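**Q** How does the following fold in three dimensions:
(2 chains)
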There are 2 protein chains.
Amino acid sequence: MTVSESIIPTEITSKEQAQKLIDEHDNFLFDCDGVIWLDEKLIPGVLQTIEYLNSKNKRYVFVTNNSSKSRQDYVEKFERLGFKGITKDMIYPTCYAAAFNLKEHLKVPEGSKIWVLGDSGIEDELREAKYIPVGGTDPRLNEPFDPHHELLKVDPDVRAVVVGSTKDFNYMRIALTLQYLLHDNKGIPFVGANIDRSYPSDGLILPAGGSVVNYMQYTADRDFINVGKPSTTLLDVILEHSKFEKEKTIMVGDTLYTDIKFGIDGQLANSLLVLSGGTTKRYFDSFLTTSYKEEETRSMTPLCYIESFGDIIDLIN
Amino acid sequence: MTVSESIIPTEITSKEQAQKLIDEHDNFLFDCDGVIWLDEKLIPGVLQTIEYLNSKNKRYVFVTNNSSKSRQDYVEKFERLGFKGITKDMIYPTCYAAAFNLKEHLKVPEGSKIWVLGDSGIEDELREAKYIPVGGTDPRLNEPFDPHHELLKVDPDVRAVVVGSTKDFNYMRIALTLQYLLHDNKGIPFVGANIDRSYPSDGLILPAGGSVVNYMQYTADRDFINVGKPSTTLLDVILEHSKFEKEKTIMVGDTLYTDIKFGIDGQLANSLLVLSGGTTKRYFDSFLTTSYKEEETRSMTPLCYIESFGDIIDLIN
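**A** Okay, the predicted model is just below:
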């Protein structure tokens, strides 16, 4: 595929373009890390742009592949950063998507034990869905690996495995999770919170949860169910809950292979790449001029892009 | 591909077959874990079978994808387990292969710093090859991850990255290694010690070094140079050093996608799968009856198999 045959994304640089982008869409799906904030730091102008959306009666939800925090944690983070009126039902982190998937798609009965490789967000959402998380933040998992550790006896009551991002990554957790993934001739469902390779944080590029999922997939030699973006199953859930119409909805994100692909695979009206997160202008330019398989390129090429979603309010005013 | 079209491996069960296997080959390449030993436990009969090879003036070397121990460490392990006359030049662990590759193929100058994610075996072999290992077993890497840690400043003098197995896996090590892999627009050579998914140990299946390499490949989104089996580059080095003739050489191993593929891709005379390690009879049977791409199946199907290499001496006597 050459550049001339491909979609050329439009850069949003004028008041008219920015106004049209807002006017044409009733609903906005936002990624969080790299779009709304970087760690605990709000991206300049984003709060004001979202307040502008409020004033225009636009509706929006947040869809993040980060599984470390529960929806309640996110509600508190939004409040801390000055947002008003963000409620739990407006937030879709993959810890929630994992619990939802276990219940609605895999039909794992309430009261089942679920093995967790990941942070407290997964445990919290599993508990809220009436599951019993095991593993996860259990302090015994911080001990050095010991092949005779009591935890290495697989609990036969565990009904599924959920893997997400955690900085508390160690051999004990990995070895234990492998025992569950191999159990019952690899018959236990394996849910992965996301496929993200890395994310920007503190001026660094750091390993993301998808790398943990990928590690477990590789060592266990089996596939997983991805409940994060770009999974269209997740989009179906959001559309059903929020009653957003696809043809009036735009996806806003900073990552081509998760956010933008999510919007395009899901046949939303539009997709906006922001360059305030993990995708640099340099990388984006090189992506657009590199030959990939045509279908793959199309599914990751946004219709438009902007330096930051926070720039919208400056352009409009 | 159906079973009828494929090679049907012969099970070695009689004295005649065992004798022929020994008589027909001058040279033997042995994997170690699961073939010679399981952890610190010698597999029964293996020492006696190798002593029989000695009595017949057969020559042999050991080729292991385990990078945790240096050749000197292996010499000591062989002695500890009762083997006589095993010298450093008969042992090819991937920590040695990594150092050799840096010097002979990548032409990294002596005296260069090399970033290590892995155990002391890699550091020892790098030092012996006149490199300066950094990272590795540095105790500061056991500290909790801190984005402002002094080590997160990339040392511009580092000339390559070597990744191998380690149980001291943590976010600090992973995050740091990622900084080096992304450095210089991903220009720094990335050597991986192996592609092994898992290995048998203490009655468990545990994650192996290839999973760590795969993690780093995924998070950095870049390829690596595999210096372990089935890399034919490694075989070339062994054949050159040992002066073994391919048509008189057999590969003995317990893993289809590394050991057996190594022998077949390398066009050795023969390949013997042993079931004393990571491959069960059940898995092997299912491999033989599953349709894969024809070329891929052929490259992993041994000509013969036996429960354990230690059974040879029992059959012969």
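
**Q** Give me the nearest residue to whichever residue of the stretch 1-150 of chain A sits closest to chain B, chain neighbours excluded.
**A** Residue of the stretch 1-150 of chain A nearest chain B, by C-beta to the nearest C-beta: residue A:147 (3.7 Å). To be clear about C-beta, it is placed using only N, CA and C from the backbone, and glycine gets the same treatment. Distances taken as C-beta to C-beta, 6 or more residues apart in numbering or on different chains put residue B:202 closest to residue A:147, at 3.7 Å, once the chain neighbours are dropped.

**Q** same thing with residue A:181?
**A** residue A:220 (3.9 Å).

**Q** How many residues are close by the one you found?
**A** Residue A:220: 23 surrounding residues under other C-beta atoms under 10 Å in any protein chain shown.

**Q** ditto for residue A:187
**A** The number of residues near residue A:187, taken as other C-beta under 10 Å, comes to 9.

**Q** and residue A:302, which of the three is it?
**A** State at residue A:302, reduced to three classes by DSSP: H, G, I helix; E, B strand; the rest coil: coil.

**Q** Could you pull up the residues touching the residue nearest to residue A:181?
**A** Contact analysis of residue A:220 by C-beta atoms under 8 Å, 6 or more residues apart in numbering or on different chains lists A:178, A:181-182, A:186, A:190, B:197-198.

**Q** Take those residues and keep only those in helices.
**A** A:178, A:181-182, A:186 (DSSP state H).

**Q** Mind checking which of these are buried?
**A** A:178, A:181-182 (16 or more other C-beta atoms under 10 Å in any protein chain shown).

**Q** Can you lay out the residues you listed as a markdown table showing pLDDT?
**A** Below are those laid out as a markdown table (pLDDT from 0 to 100):
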| residue | pLDDT |
| --- | --- |
| A:178 | 98 |
| A:181 | 98 |
| A:182 | 96 |
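
**Q** tell me which element residue A:13 falls in.
**A** Assessed by DSSP states H and E, residue A:13 sits outside every helix and strand.

**Q** Please name the nearest non-neighbouring residue to it.
**A** Nearest to residue A:13 is residue A:315, by C-beta to C-beta, 6+ apart, at 7.5 Å.

**Q** how close does that neighbour sit to residue A:309?
**A** 11 Å (C-beta to C-beta, to the nearest Å).

**Q** who has more neighbours, the two?
**A** Ranked by neighbour count (other C-beta under 10 Å), residue A:315 and residue A:309 place residue A:309 first, with 24 against 18.

**Q** so the more buried one, which of the three states?
**A** Per three-state DSSP, residue A:309 ends up coil.

**Q** Please tell me I have it right and it contacts residue A:35.
**A** Yes: using C-beta atoms under 8 Å, residue A:309 makes contact with residue A:35 at a distance of 6.0 Å.

**Q** nearest residue to residue A:159 other than its sequence neighbours?
**A** Using C-beta to C-beta, 6+ apart, the closest residue to residue A:159 is residue A:112 (3.9 Å).

**Q** per-residue confidence at the residue lying closest to residue A:268 once chain neighbours are set aside?
**A** With sequence-adjacent residues excluded and distances taken as C-beta to C-beta, 6+ apart, residue A:268 is closest to residue A:249, at 4.8 Å. As predicted, residue A:249 sits at a pLDDT of 98.

**Q** ok, now residue A:291?
**A** Looking at residue A:291, the pLDDT reads 67.

**Q** Over to residue A:303?
**A** The score at residue A:303 is 96. That number is its pLDDT.

**Q** so how many other residues sit close to it?
**A** Neighbourhood size, residue A:303 [other C-beta under 10 Å]: 18.

**Q** which residues touch it?
**A** Counting by C-beta under 8 Å, 6+ apart, residue A:303 has contacts A:7, A:9-10, A:270-272.

**Q** switch the cut-off to 10 Å
**A** Neighbouring residues of residue A:303 by C-beta atoms under 10 Å, 6 or more residues apart in numbering or on different chains: A:7-10, A:21, A:250, A:260, A:263-264, A:269-273.

**Q** Give the full set of residues in contact with residue A:257.
**A** By C-beta under 10 Å, 6+ apart, the residues touching residue A:257 are A:195-197, A:210, A:229-230, A:279, A:287, A:296, A:299-300, B:221.

**Q** Between those residues, identify the one with the most neighbours.
**A** With neighbours taken as other C-beta under 10 Å, the top of those is residue A:229, carrying 31 neighbours.

**Q** Please tell me how far residue A:188 sits from residue A:99.
**A** From residue A:188 to residue A:99 the distance is 16 Å (C-beta to C-beta).

**Q** Looking at these two, which has the bigger crowd around it?
**A** residue A:99 (27 against 18).

**Q** Which pLDDT does the model give the more buried one?
**A** Note on residue A:99: pLDDT of 97.

**Q** quick one: buried residues of the helix or strand containing it?
**A** Residue A:99 is part of helix A:94-104, with elements assigned from DSSP H and E. Residues of helix A:94-104 classed as buried: A:94-103 (neighbour count, 16+ other C-beta under 10 Å).

**Q** Give me the below-cutoff pLDDT ranges for the stretch 151-300 of chain A.
**A** Along the stretch 151-300 of chain A, the model assigns pLDDT under 70 to residues A:291-293.

**Q** in it, which spans are strands?
**A** Using DSSP state E, counting those that start in this stretch, the strands of the stretch 151-300 of chain A run over A:158-163, A:190-192, A:198-201, A:204-207, A:225-226, A:249-253, A:270-274.

**Q** To residue B:134, which of those strands lies closest?
**A** strand A:204-207 (18.3 Å; C-beta to C-beta).

**Q** can you tell if the closest one touches chain B?
**A** Yes: judged by C-beta under 10 Å from any C-beta of the partner chain, strand A:204-207 comes into contact with chain B at A:204-207.

**Q** can you put these in TSV and add neighbour count?
**A** Below are those laid out as TSV (neighbours: other C-beta atoms under 10 Å in any protein chain shown):
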residue	neighbour count
A:204	16
A:205	18
A:206	21
A:207	25
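
**Q** Let me know the closest of those to residue B:108.
**A** So of these, ranked by how close each gets to residue B:108 (C-beta to C-beta), first place is residue A:205, at 24.5 Å.
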